[in-house]
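Asks: fold the following and give me the result.
(one chain, ligands or ions: 1)
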Amino acid sequence: MSAGAIDPAVVDELTEIVGQAHVLSDPEITASYSIDWTRRFAGSTPLVVRPADTAETAAAMGVLAAARIAVVPQGGNTGLVGGSVPLAGEAVLSMRRLDVCEAVDELASQVTVGAGVTLADAQIHAAAAGLSVGVDLAARESATIGGMVATNAGGINVLRYGAMRAQVVGIEAVLADGMIVSHLAGLEKDNTGYDLGSLLAGSEGTLGVITRVRLRLHPLQPERATALLAFETAQDAVAAAAALRRSVGSLHALEAVFDSAMALVSAHLGVDPPVGSLSSGSRNASGAAWLIAEAAARTDPSDELGTAVDEIADLLIDAAVALDPPARQRLWAFRENVTEAISAAGIPHKLDVTLPAARLAEFVDGVADVVRMADSDAQPLLFGHLGDGNVHVNVLGPGGAEPAEEVDDAVLRYVAELGGSISAEHGIGTAKLGQLHLNRTEAELAAFSAIKRALDPEGLLNPHVLLP
Ligand SMILES: Cc1cc2nc3c(=O)[nH]c(=O)nc-3n(C[C@H](O)[C@H](O)[C@H](O)COP(=O)(O)OP(=O)(O)OC[C@H]3O[C@@H](n4cnc5c(N)ncnc54)[C@H](O)[C@@H]3O)c2cc1C
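Replies: All right, here's what the predicted structure looks like:
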């Protein structure tokens, strides 16, 4: 759809609501709203609308709904499943200007923030009150709280605080017809009917546009100890992860990087990991494995982590422990830069899956063969949030090209066969629409569609996302 395809009267009405500077139609300017972070998903849009608050969002949605214009809500555009960009000529509703952090409610340990507040800004704001946001992830500088709720983002602290849905104690959103629903009192106990915050968490912009979120905050845990642990096999790493979860009460993060992903990120950083050895040029997904285990508490947790690491000595090749922030950051770099290193190497297919604990090692060992059966030239790269059973299977084709489409289906079928989830945290987006049936029954999908029809009868909100 070109800009000209939108009725000029609609553009005038939107301009009246948000101001001329915030209705964008020049393709050079709208281009960055139309391609995703991975560069795998690119479309075009006739219009980007940038409201400043809930009232403007509601008024803009009212105009768009009356004109029956489909809309993609967009936050930081760091989503990895093609759900945040207009792939079928939709208008984009950019929520970035809803960037107000309200005063922290220290009595309740809660804060209400605009949907466009970045995670990093919310973290800084909470920390000033001695509190922290329960979800953390590497895209923190760009990912927005609204987008994180819409995807039910996970990240590195889920094993301690749960995913984004667990942080939401109140929500305000605009429905497809422009109606505002607001429930922000943040009462910890509030059984007065359906929980719209919970419903919108993970809805990927298909049921409503989130405008404000009341977040549950947690005590800051300023004292940290971080260990990089090297293993010969995925099986040892999985066994060690389970042991650390059982024995370290202050465990804050438990991440994994497997062989070929470690080789890539080390080359990207220009530094070898301080422990373990890389099988250089390895095209195996697994083999050697590394865990990053971080303990966090109000008092120094290094003894607790050190004792637990001693207890798993028979599983380990070696361990490096860091306490001060720069040294800890050097260890974290091997995990936090994996996504970026892969993106620098090409355009991967990103398959983000969870396995039951009992099948995790089997999956890590078996998935490379599954990938190669579908595309013999493809290279699987494995890393993820092992403490949650969450493995990111990224697959690159030769020379960094995309691998064959068949790879996605083969890997996701393998996951389903082992009793896992085809989407641990990134969502379904447009990337996994064809596989949702692997995890959801016909009855569940019918219930999903009924909910969608009830809240968005015209199918205007992200119509090509999540629901087949
Ligand atoms: C380097 C990197 C690391 C990452 N690490 C993790 C990780 O560890 N864990 C994890 O879960 N994810 C991770 N992600 C994915 C991504 O950061 C999350 O999905 C994040 O929640 C997306 O937030 P966003 O504001 O960028 O949303 P967008 O990408 O803009 O949108 C994502 C989805 O939410 C919808 N949406 C956005 N804003 C709203 C709103 N206000 N109301 C309604 N719907 C909305 C969109 O329509 C789209 O469907 C990572 C991404 C990158 C690039």
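
Asks: how does the chain divide into domains?
Replies: The chain breaks down into these domains under automatic domain parsing: 3-94, 110-219, 223-417.

Asks: gap between the two ends of the last one?
Replies: Counting by C-alpha to C-alpha, to the nearest Å, the length from the leading to the trailing residue of domain 223-417 is 41 Å.

Asks: sec struct for I171, please.
Replies: Secondary structure for I171, judged by DSSP: H, G, I helix; E, B strand; the rest coil, is strand.

Asks: max-length strand in this structure?
Replies: Ranked by residue count and defined by DSSP state E, the top strand of the chain is strand 209-219.

Asks: and that one, what's buried?
Replies: For strand 209-219, burial by neighbour count (16 or more other C-beta atoms under 10 Å) applies to V209, I210, T211, R212, V213, R214, L215, R216, L217, H218. From N, CA and C alone the C-beta is placed, and that goes for glycine too.

Asks: how near is the second one to G193?
Replies: Spelled out, that is I210. 19 Å (C-beta to C-beta, to the nearest Å).

Asks: export the domains of the chain as JSON lines, with columns for mean pLDDT and distance to the ligand.
Replies: Putting the domains of the chain into JSON lines (pLDDT from 0 to 100; distance: least, C-beta to the nearest ligand atom, whole Å) gives the following:
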{"stretch": "domain 3-94", "mean pLDDT": "95", "distance to the ligand": "3"}
{"stretch": "domain 110-219", "mean pLDDT": "97", "distance to the ligand": "2"}
{"stretch": "domain 223-417", "mean pLDDT": "94", "distance to the ligand": "4"}
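
Asks: what's the local residue count around P398?
Replies: Counted with other C-beta atoms under 10 Å, the neighbours of P398 add up to 12.

Asks: one step back: other SSEs contacting the longest strand of the chain?
Replies: Applying 3 or more C-beta pairs under 8 Å, 6 or more residues apart in numbering; DSSP states H and E, one finds that strand 209-219 contacts helix 54-66, strand 71-74, strand 110-114, strand 131-133, helix 145-150, strand 168-174.

Asks: quick check: which of the ones you listed is buried the most?
Replies: Per residue and on average, the most neighbours among the helices and strands packed on strand 209-219 fall to helix 145-150, with a mean of 31 (mean count of other C-beta atoms under 10 Å).

Asks: can you give the distance of that one from its chain's centre?
Replies: From the chain centre to the centre of helix 145-150 is a distance of 9 Å (C-alpha atoms, centre = their mean, to the nearest Å).

Asks: again with stretch 303-316
Replies: Here stretch 303-316 shows a centroid-to-chain-centroid distance of 30 Å under the convention C-alpha atoms, centre = their mean.

Asks: alpha carbons of that stretch, as CSV, please.
Replies: Presented in CSV, the C-alpha positions along stretch 303-316 are these (Å, rounded to 0.1, in the frame of the first residue of the first chain):
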residue,chain,number,x,y,z
ASP,A,303,31.0,-18.3,49.1
GLU,A,304,27.6,-19.8,48.3
LEU,A,305,28.4,-19.9,44.6
GLY,A,306,32.0,-21.2,45.2
THR,A,307,30.9,-24.0,47.4
ALA,A,308,28.3,-25.1,44.8
VAL,A,309,30.9,-25.0,42.0
ASP,A,310,33.2,-27.2,44.2
GLU,A,311,30.4,-29.7,44.6
ILE,A,312,30.1,-30.1,40.8
ALA,A,313,33.9,-30.4,40.2
ASP,A,314,33.6,-33.9,38.8
LEU,A,315,31.4,-32.5,35.9
LEU,A,316,33.7,-29.6,35.1
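
Asks: now it: buried residues?
Replies: By neighbour count on 16+ other C-beta under 10 Å, the buried set for stretch 303-316 is E304, L305, A308, V309, I312, L315, L316.

Asks: which SSE is the first one in?
Replies: Read it as E304. Here E304 sits within helix 302-311, counting by DSSP states H and E.

Asks: now do that helix: everything it contacts.
Replies: Applying C-beta atoms under 8 Å, 6 or more residues apart in numbering, the contact partners of helix 302-311 are 225, 227, 229, 243-244, 247-250, 293, 295, 297, 316, 319, 321, 323.

Asks: which among the residues you listed end up buried?
Replies: Buried among those (16+ other C-beta under 10 Å): A225, A227, L229, L244, V248, S250, A293, A295, A297, L316, A319, V321.

Asks: please convert those residues to JSON lines, extending it with secondary structure.
Replies: Output for these, formatted as JSON lines (three-state DSSP):
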{"residue": "A225", "secondary structure": "strand"}
{"residue": "A227", "secondary structure": "strand"}
{"residue": "L229", "secondary structure": "strand"}
{"residue": "L244", "secondary structure": "helix"}
{"residue": "V248", "secondary structure": "coil"}
{"residue": "S250", "secondary structure": "coil"}
{"residue": "A293", "secondary structure": "strand"}
{"residue": "A295", "secondary structure": "strand"}
{"residue": "A297", "secondary structure": "strand"}
{"residue": "L316", "secondary structure": "coil"}
{"residue": "A319", "secondary structure": "strand"}
{"residue": "V321", "secondary structure": "strand"}
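
Asks: for the residues you listed, which one is nearest P46?
Replies: Nearest to P46, judged by C-beta to C-beta, of those is A293 at 48.9 Å.

Asks: isn't that closest one right up against A242?
Replies: No - assessed by C-beta atoms under 8 Å, A293 is found out of contact with A242, at 12.0 Å.

Asks: noted, bye for now.
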